[in-house]
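[1] Requesting a structural model of the entry that follows:
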Amino acid sequence: MISYKRSIVIPVSLSLMLVLIGIGIMTRPTPSLVGIVYLLLALPVMVYSYFLRQQGEVFVLTTEVLEYQRRIGGKRQRISLKEIGTIRYQIVPVYHEIQSGRLTIIDKDSIVLTEIKLNTLSGVDFNDLYHFIETAAPHIQWEFNP
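    Modelled structure (predicted):
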């Protein structure tokens, strides 16, 4: 079984950036209320980060089923490995030199079941996923697109 939680890197980085900007504006020789606004904006992002961390696994892969929850509080998708015909792995540019992996799960009738962005999962390793699925469901075809 392989399971992953959501990554909290972006929300934590955003909240730290807002806090630093707010403190920087408040400690200038002529402080303004804008600094307090930045600090107040950082609070919801921190709360969001906390709830992301408390949430359980959003991607679970067993020898029979793939479970994936796209959004917080959203419905879990349960896809049997027997239903899956093809998995398409794409490397998608995110920003300048930063790239992200994306898995598109397609059933035997060429209908897209779900799309999983690997950069939103914490500690995901594509090689582990590939080898696990290859041994659990050798009937699945893989497409590797740049």
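[2] For the rest of this, base every contact and every neighbour count on C-alpha atoms.
    OK.
[3] Need the pLDDT of the residue most central in space within the chain.
    In the chain, the centroid-proximal residue (C-alpha atoms, centre = their mean) is Thr120; its distance is 1.5 Å. The per-residue pLDDT reported for Thr120 equals 82.
[4] Run through the helices of this structure in chain order.
    Along the chain, counting by DSSP state H, helices occupy 9-26, 34-54, 126-136.
[5] Mind putting those into CSV with mean neighbour count?
    Shown next, in CSV, are these (neighbours: other C-alpha atoms under 10 Å):
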stretch, mean neighbour count
helix 9-26, 17
helix 34-54, 16
helix 126-136, 14
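[6] Redo these as a markdown table? Include mean pLDDT.
    Converted to a markdown table, the helices of the chain look like this (pLDDT from 0 to 100):
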| stretch | mean pLDDT |
| --- | --- |
| helix 9-26 | 83 |
| helix 34-54 | 80 |
| helix 126-136 | 90 |
